[in-house]
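Novice: below are the sequence and a predicted model for it; my questions follow.
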Amino acid sequence: IGYFDKDDYFTYDKVNFGAAGDSGQIKIRFSKGNWPGRLQVRLGGQYGQVIGEFHPWFTGGWGSHVEAYFKIDDSIEGLHQVTFKGLDSAGILGLDWWELAPPVDPATHSLYERKEAGDVLAHYRVVVSGTNVGYFDRNDFMIYDNIWFGEAGDVTKIRVRYGKGNNGGRVQAKLDGRYGPVLGTFYPSNTGGWGNYVEATFEIDSSVSGLHRLCFLGLDKNGLMSF
């Protein structure tokens, strides 16, 4: 399916969710040649109950497909119509296929796992060099995959190691993608130079749980930090 834009939708009939708890994710194979847009999954028609939301990222082009998972309400059971609805912009994604998948198994993930800055799922304009990210400016961003928040209240802060040779700017931590909800804001201080790294923490919304993607978005000025 292509040419999927804001307010467009398509509906599938007789989707079998099984018993409650059997289906907790959707696995999707998609492509994307731009950045903005969200996909909502609704039960029934376009005005039905929202059971999940996906923030697709630039995959390298409309002909470059990747696979991803996103969370849905795991209490749904039985046969239902399922509608995919586009939000925010034109060019939401190109859809190859999708399927229901079991919920995330917590035993396969660890709390407080350290991520190298260079271990990005996707990024916009920054320069990734080995384990580091530099040239991080206003409106640039990086997205990281498979961030396990555990249960609500388990994660209250993010720790970063960074360098900064100027003053000012903000970095927002956003859930699931560039256009996701804001979890918290980091105000990097001048560390005495771009290669002079220090550690710092900042608070985030502690109500988040489960498996997510995490986006760092630069705001206010250029030269935010060397990550």
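Specialist: That came through fine. Computed from a predicted structure; not experimentally measured.
Novice: what's across from residue 124 in the sheet?
Specialist: Under DSSP bridges, the beta-bridge partners of residue 124 are residue 141.
Novice: correct me, but it touches residue 58?
Specialist: Yes. With contact defined as CB atoms under 8 Å, residue 124 reaches residue 58; the gap is 7.5 Å. Yep, even glycine has a C-beta here, placed from its N, CA and C like the rest.
Novice: ok, the residue nearest the centre of the chain to residue 36 distance?
Specialist: Geometric centre of the chain, nearest residue: residue 176, 2.1 Å, by CA atoms, centre = their mean. Counting by CB to CB, to the nearest Å, the gap from residue 176 to residue 36 is 14 Å.
Novice: shaky segments in this structure?
Specialist: Low-confidence regions of the chain, defined here as pLDDT under 70, do not occur.
Novice: which ones are touching the residue with the largest distance to the centre of it?
Specialist: The outermost residue of the chain relative to its centre, with distances by CA atoms, centre = their mean, is residue 192 at 31.9 Å. If you count contacts by CB atoms under 8 Å, 6 or more residues apart in numbering, residue 192 has them with residue 165.
Novice: overlap of the contact sets of residue 124 and residue 58?
Specialist: Jointly contacting residue 124 and residue 58 under the rule CB under 8 Å, 6+ apart are residue 35.
Novice: burial of residue 55, as a residue count?
Specialist: 23 (other CB atoms under 10 Å).
Novice: so what's it up against?
Specialist: For residue 55, the contact set (CB under 8 Å, 6+ apart) comprises 38, 39, 176, 177, 178, 179, 180, 213.
Novice: so what strands line up beside the helix or strand in which the last one is found?
Specialist: Right, the one you point to is residue 213. Using DSSP states H and E, residue 213 falls within strand 211-219. Its sheet considered, strand 211-219 pairs with strand 141-148 (antiparallel), strand 170-175 (antiparallel) by DSSP bridges.
Novice: got a list of contacts for it?
Specialist: Residues from elsewhere that reach strand 211-219 (CB under 8 Å, 6+ apart): 55, 71, 104, 109, 121, 136-149, 169-178, 180, 183, 224, 227.
Novice: cool, and stretch 129-145?
Specialist: By CB under 8 Å, 6+ apart, stretch 129-145 touches 57, 115-127, 169, 171, 177-178, 194, 213-227.
Novice: what's the answer for stretch 95-113, then?
Specialist: Stretch 95-113 is contacted by residues 1-2, 4, 15-17, 21-31, 65, 69, 71-72, 74, 84, 146-150, 154-155, 210-211 when judged by CB under 8 Å, 6+ apart.
Novice: buried residues in that stretch?
Specialist: For stretch 95-113, the neighbour count (16 or more other CB atoms under 10 Å) marks 95, 98, 100, 101, 104 as buried.
Novice: how about stretch 142-153?
Specialist: For stretch 142-153, the neighbour count (16+ other CB under 10 Å) marks 142, 143, 144, 145, 147, 148, 149, 150 as buried.
Novice: could the residues you listed go into TSV alongside distance to residue 48?
Specialist: Output for these, formatted as TSV (distance: CB to CB, whole Å):
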residue	distance to residue 48
142	34
143	29
144	31
145	29
147	29
148	30
149	27
150	30
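Novice: of those, closest to residue 205?
Specialist: Comparing the buried residues of stretch 142-153 against residue 205 with CB to CB places residue 149 closest, at 9.7 Å.
Novice: so what's the closest one up against?
Specialist: By CB under 8 Å, 6+ apart, the contact list for residue 149 reads 111, 155, 208, 209, 210, 211, 212.
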